[in-house]
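Engineer: everything below, folded, please.
(2 chains)
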Amino acid sequence: MSSRTTISRITAIGGLSTAVLLAATACGAGGPAATSGSAASTVNVLVEAGGHAELTGVAEQCKKDTGVSANFVELPYDGMFNRLSSEFSSGNVSFDVAALDSVWLPSFKDAVQPIDELFTDEAKKDIFPALVKEANVDGHFIGMPAWTNAEIILYRKDLFDDAKNKAEFKAKYGYDLAAPTTWKQYQDISEFFTKDGMYGTDVKGGVETEWLAHVLQAGSPMVLDENNNVVIDNAAHKDALDFYTSLVKSAPPGAAQVDWAAAQNLFNQGKTAMTRFWAHAYRQIPKDSPVAGKVGAAPMIGGSAGVAGVPGPWYLSVPKATKNSDAAKKFIKCAYDHNDLGIESSLGLASRISAFEKYQDKPGYESFKPLIETLKGQATATRPATAKWQQIVDTALVPMLQKAVAGGDSATLLAAAKKQIQDLLK
Amino acid sequence: MSTADTPINDRFAAEAVAYRPRHAGVVSAILATGTKTSGATAGAAPTGAMPAEPAMPTPAASGTGRPRRRNHHAEGLEAGKRTTRILLWIVLAAAMVLYGFPFLYLLFTSFKTPIDTIAVPPTILPKEWTLENYANALGRNGVLASFINSAQTAVISTLLSLVLAVPAAYGITRYKTPSGRVFIMAALVTRMVPPVAIGIPLASMMATAGLADTPIALSIAHTTISLPLSIWLMSSFFEAVPNDLEEAATVDGCSRLGALWRVVIPVVSGGIAVTAIFAFLASWNEFLFALLMTAIRSQTTPVVIANFQTQFGLDWGSMTALAAVYSIPVILLTLLLQRKIVAGMTLGAVKG
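Structural biologist: Okay, here's the model as predicted:
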């Protein structure tokens, strides 16, 4: 009997709860509906979690200037591509503006609107040339750069300024110890600091961008030429790979598994004297890190073609399926006009040259000059504009790099990767 | 008494004591049973003073030392039980460490300072304890709303699963029709398809139905995960309830539905609790559908937790702090329903 009573009570409570929940469910706890075009003066902005802070200041300013307010939908990076694919393919989007990683632009070029009117001559002069080129797909500008990044050199200034180190280095290598500018210097300095439980640098087998920057420095386009021919087996790619793997002896063991997070940890823990890393990391060194306040920044090293890096920009785009295009474009214009507001955020990046230049001499922003120099580098170029790029990275480039840093023959590995990429592009 | 004259159990006992095999506890248990059956013989045996414990008693000595043998049997049994118990505790402790360590590590990490969370090599305990990660995680925009959304979604999904699974499982087990058997197998098909394969079409369907970014849409999606498991679980619980119970209720004037409601459901309430908790957990921790189907108003906490990993870095401290807080409700729920769960788990075991 008691069981029956309990069950009756549970059922009654359950029924009531269901009714309440079903009634409440029409409006979840998060706020207003995320339906595109729900209100002409409100835009829903889909953004990767790390980029949200970049646009918060812009959103506030935009509301003041134009009356357009923004609701942000934050998603983790790994899931954002799936979400975008899902909504674009259904033709029913829940956002009016999307922040897109540069490598996604070719995949979504048919799902987003041209925003040519925002790319005035003045705007094109104030955006890094590589980004202007990348934003233009099939003759139309489809994304406005919101912020960009590039790899620069972060080094232990305290170790480089140490008199004993300076003297020993000069005695051994015949030139002064300073932030490296060439491959040879990077090799020497890495070797020099690999002692007493410390390593000169890291080698990242788990990511491809750094090796690709060396390919640009060696004077070749990355992986594909302008006609989409696979050129991964040319001399520049081999030189870059040989240089990359030559650093393994001066790097912590397990290079094949080292990715961005691992390399950043190693540097922030004081285990490596130098790292080639995205510029934003300079401002993200934890205050309680043993290297806090002891880090210097320099432009990315150069090869025979000079200094070069691979930019990592994010673009703001307007989906074709939104009913709120005007407000969406107003928001993007705001984001361009007040681009420097992103620099005050935790990520601390922008996309306009003038925005970086405004802050470059301020204390705490020492990474900006090297970043500007790297992004303006003659050989600096964005990744090939192919929808299959991520597939090429995941199935050919990263596995090839992992085998190379583990001791594989570079020529053989590059030849195998070429065949694999050709098959992917068929 | 010669060895040949000794009752078979006694001889067996003597050999067992002499050899002290590894499975002494088991052997002792067998012997204990054996000596009981030869009680009369044991009673007739001499009860002289016990010699000083020989390490290897001879057959002759064993033939004359019945009480000592019985003591040995008792000691062997006790020692065996002790050994088994110790072994069980070791296995249990190892299993607890294996399963519990990741959670403990998560918990400790949530109290670490930023540099401590990324220490190379990693440390288990924080060097310096801090609550900063909890303040950061809980102070983040949308966290409270995401908790409410998670609870709302999980409750609706659990109720939907139970409302659909209980009658389905009852019908399948009681009527045993061929279509029922096909149905129960077909129910598993959704479990065989990778969630991402149905996630994207489901998201499109919900958007078309005007349910985009609502907890009800996500609950329906979660029900596709929990319903097959719920039907199978409930079927096994209904199988354990004898038909006689229902027949008796029918004789007493109950209708079929009345018998189900008044007799069968109370009997399987433990099973319902087990099914409910599995359905709740499936929804509470689900990530992929939540990622594809929620945005501003219905985003659940697993997505918010994942947002601490960005392409620019990973905020381990805040991520682990929020994960620790998020696991509290399910731990409490499990403890609250522990008795029902155990009862439910053993319900199928008494089927006979």
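Engineer: domain map for chain B?
Structural biologist: Per the record, chain B has its domains at B:3-90, B:138-350, by automatic domain parsing.
Engineer: chain A too?
Structural biologist: If you go by automatic domain parsing, chain A breaks into A:42-149+A:312-351, A:151-310+A:384-425.
Engineer: which one, of these, ends up nearest to residue B:158?
Structural biologist: Comparing the domains of chain A by their distance to residue B:158 (C-beta to C-beta), the top pick is domain A:42-149+A:312-351, with 24.5 Å. From N, CA and C alone the C-beta is placed, and that goes for glycine too.
Engineer: number of nearby residues for residue 194?
Structural biologist: This is for chain A. 19 (other C-beta atoms under 10 Å in any protein chain shown).
Engineer: to clarify, I was referring to chain B.
Structural biologist: 8.
Engineer: and it, how far is that from chain A?
Structural biologist: Per C-beta to the nearest C-beta, to the nearest Å, residue B:194 is found 12 Å from chain A.
Engineer: ok so, going back, export the domains of chain A as TSV, with columns for distance to chain B and mean pLDDT.
Structural biologist: Shown next, in TSV, are the domains of chain A (distance: least, C-beta to the nearest C-beta, whole Å; pLDDT from 0 to 100):
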stretch	distance to chain B	mean pLDDT
domain A:42-149+A:312-351	3	92
domain A:151-310+A:384-425	4	95
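Engineer: can I get the ones you listed in CSV with distance to residue B:308?
Structural biologist: Putting the domains of chain A into CSV (distance: least, C-beta to C-beta, whole Å) gives the following:
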stretch, distance to residue B:308
domain A:42-149+A:312-351, 7
domain A:151-310+A:384-425, 12
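Engineer: of those domains, which is nearest residue B:219?
Structural biologist: When the domains of chain A are compared by C-beta to C-beta, domain A:42-149+A:312-351 sits nearest residue B:219, at 17.8 Å.
Engineer: distance between the closest one and the chain's centre?
Structural biologist: In terms of C-alpha atoms, centre = their mean, to the nearest Å, the centre of domain A:42-149+A:312-351 is found 14 Å from the chain centre.
Engineer: excluding covalently adjacent residues, which one is nearest to residue A:241?
Structural biologist: Of all residues not flanking residue A:241 in the chain, residue A:410 sits nearest, at 4.5 Å (C-beta to C-beta, 6 or more residues apart in numbering or on different chains).
Engineer: ok so, going back, need the winner for burial among the domains of chain A.
Structural biologist: Of all the domains of chain A, domain A:42-149+A:312-351 has the most neighbours on average by mean count of other C-beta atoms under 10 Å in any protein chain shown, namely a mean of 21.
Engineer: endpoints of that domain, how far apart?
Structural biologist: 24 Å (C-alpha to C-alpha, to the nearest Å).
Engineer: what about chain B, any weak spots by pLDDT?
Structural biologist: B:1-72, B:343-352 (pLDDT under 70).
Engineer: bridged to the residue in it that chain A sits nearest to, which residues?
Structural biologist: Per C-beta to the nearest C-beta, residue B:310 is where chain B lies closest to chain A, at 2.7 Å. Beta-bridge partners recorded for residue B:310 (DSSP bridges): residue B:313.
Engineer: so what's the residue count around residue B:152?
Structural biologist: 25.
Engineer: pull the number of nearby residues for the closest residue to it other than its chain neighbours.
Structural biologist: In space, and not counting its chain neighbours, residue B:152 is closest to residue B:215: 4.6 Å by C-beta to C-beta, 6+ apart. Using other C-beta under 10 Å, residue B:215 is surrounded by 33 other residues.
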